[in-house]
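[1] Turn this into a structure:
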Amino acid sequence: MTIVQDAAVAAKPAVKSASGLDLRTRFLRVTHLLFLLLLGVQFLPDHAGVSEPHTVWLIWFAVILEALTLAITPVFKKREGLNLFLDVIGFIYGFLLVWTLLTAKFALLPAALFPPFGKVLAQFAEDLPKICVNIVSSVGIILQGFLLAIVTAIPLGLFLGWNARLGSAATYLSKFFSSIPPIVYIPYGIALLPSFRSVSVFVIFLASFWPVFAGTMSGVLNVESRILDSARVLNVSKPTMLLRVILPASLAQIFLGCNQGLSVSFILLTSAEMIGARDGMGYYVKYYSDFGDYTRTIVGLLVIGIVVIAVTFLFNAFQRYLLRWKR
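    A predicted model of the protein is given here:
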């Protein structure tokens, strides 16, 4: 019993050193030094040609972000996750530091095209209700078109992929149609559909359908033969074979196609909204850029990036949940 206890006591320091997540590792990082540098730069005198830098907005933003960083840091159990999180925050601090020096402090960039980040934050707060309406519109169109593509492409891909003869012909057809940019269908959509929103949903559907369909076909065609043979030995029915055997084995390729379709969908939606929409983040950017309001243009660009990252993160979390059995 004593030997077992001694071994357990000896193992505890080894686990701690292997993870290395002590207080020094968690909180004495370059990221926090960059935060202090960013705050210190704000107290430098502004360039005479730069008006309304809104320094207080940037200071509050940095302080809130640092407070959240310090609060979230103890949650991480693994060094890799902590390093990734702090590296991302460090890049944000470094980017804001360079932005501040090039705009508000030394005015090395044209003030009309590149306003100080504090001014961008102030504009974001002022336009927040309008931005929320546009975000809801854009995300709603993405969800409608993307979900419609999923519910049609996955069953069709499963059926055609399981049939070797039809699957071979469908593979070439999908390559042909997927090579055509969906945005060229906008004139036909405008002529046939009742509203521009329905045209946008149609374009997102086309942008998502072919990657999801091709991913589903690829997943079905690459299911290991031993898995299918084992299912046949058990004499499972065709619906069970498709839904309980082939579909789970194809999920990795299906999600790969879904990720591709989702990425292309955001690009096409922004382009479509800039052409003829009356709401949405693409319309927001196009409208204010036409009037030379580049502060709002930068606000729109940053919001689009944040929305895309947030939607992609949620989708990847859903993917990890469904594929947890593969770990």
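[2] For the chain, give me the ranges with low pLDDT.
    1-20, 48-53, 164, 327 (pLDDT under 70).
[3] Could you break it into its assigned domains?
    Listed by automatic domain parsing, the domain ranges of the chain are 22-115, 127-326.
[4] Not including adjacent chain positions, what is the nearest residue to residue 323?
    Nearest non-adjacent residue to residue 323, counting by Cβ to Cβ, 6 or more residues apart in numbering: residue 251, 6.0 Å away. For glycine as for every other residue, the C-beta is placed from the backbone atoms N, C-alpha and C.
[5] no no, residue 107
    Leaving aside its sequence neighbours, residue 107 sits nearest to residue 47 (Cβ to Cβ, 6+ apart; 3.9 Å).
[6] returning to what we had before: which of the domains of the chain sits most buried?
    Mean neighbour count (mean count of other Cβ atoms under 10 Å) peaks for domain 127-326 among those, with a mean of 17.
[7] element containing the residue nearest to residue 107?
    Assessed by DSSP states H and E, residue 47 sits outside every helix and strand.
[8] Contacts only, for it.
    By Cβ atoms under 8 Å, 6 or more residues apart in numbering, residue 47 lies in contact with 104, 105, 106, 107.
[9] go on, residue 260?
    Under the criterion of Cβ under 8 Å, 6+ apart, the contact list for residue 260 reads 211, 215.
[10] Within the helices and strands, which one has it?
    helix 247-276.
[11] The next helix or strand after that helix vs helix 247-276, what angle?
    With elements assigned by DSSP H and E, the helix or strand that comes after helix 247-276 is helix 281-290. If you take axes from the mean of the first three to the mean of the last three Cα atoms, to 10 degrees, helix 281-290 sits at 30 degrees to helix 247-276.
[12] I'd like the numbering to begin with 41 instead of 1 from here.
    Fine by me, first position is 41 from now on; the one you just mentioned is helix 321-330.
[13] tell me which strands and helices helix 321-330 is in contact with?
    Counting contacts by 3 or more Cβ pairs under 8 Å, 6 or more residues apart in numbering; DSSP states H and E, helix 321-330 is packed against helix 168-202, helix 287-316, helix 334-362.
[14] I'd say residue 127 and residue 74 touch.
    No. Between residue 127 and residue 74 there is no contact under Cβ atoms under 8 Å: 10.8 Å.
[15] got the helices and strands packed on helix 321-330 as CSV, with distance to residue 79 columns?
    Below are the helices and strands packed on helix 321-330 laid out as CSV (distance: least, Cβ to Cβ, whole Å):
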stretch, distance to residue 79
helix 168-202, 25
helix 287-316, 34
helix 334-362, 21
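[16] and of the ones you listed, who's closest to residue 113?
    helix 334-362 (18.9 Å; Cβ to Cβ).
[17] quick one: that closest one to helix 168-202, angle?
    Inter-element angle recorded for helix 334-362 and helix 168-202: 40 degrees (by the same axes, to 10 degrees).
[18] contacting residues around residue 293?
    The contact partners of residue 293, taken as Cβ under 8 Å, 6+ apart, are 255, 256, 258, 259, 262.
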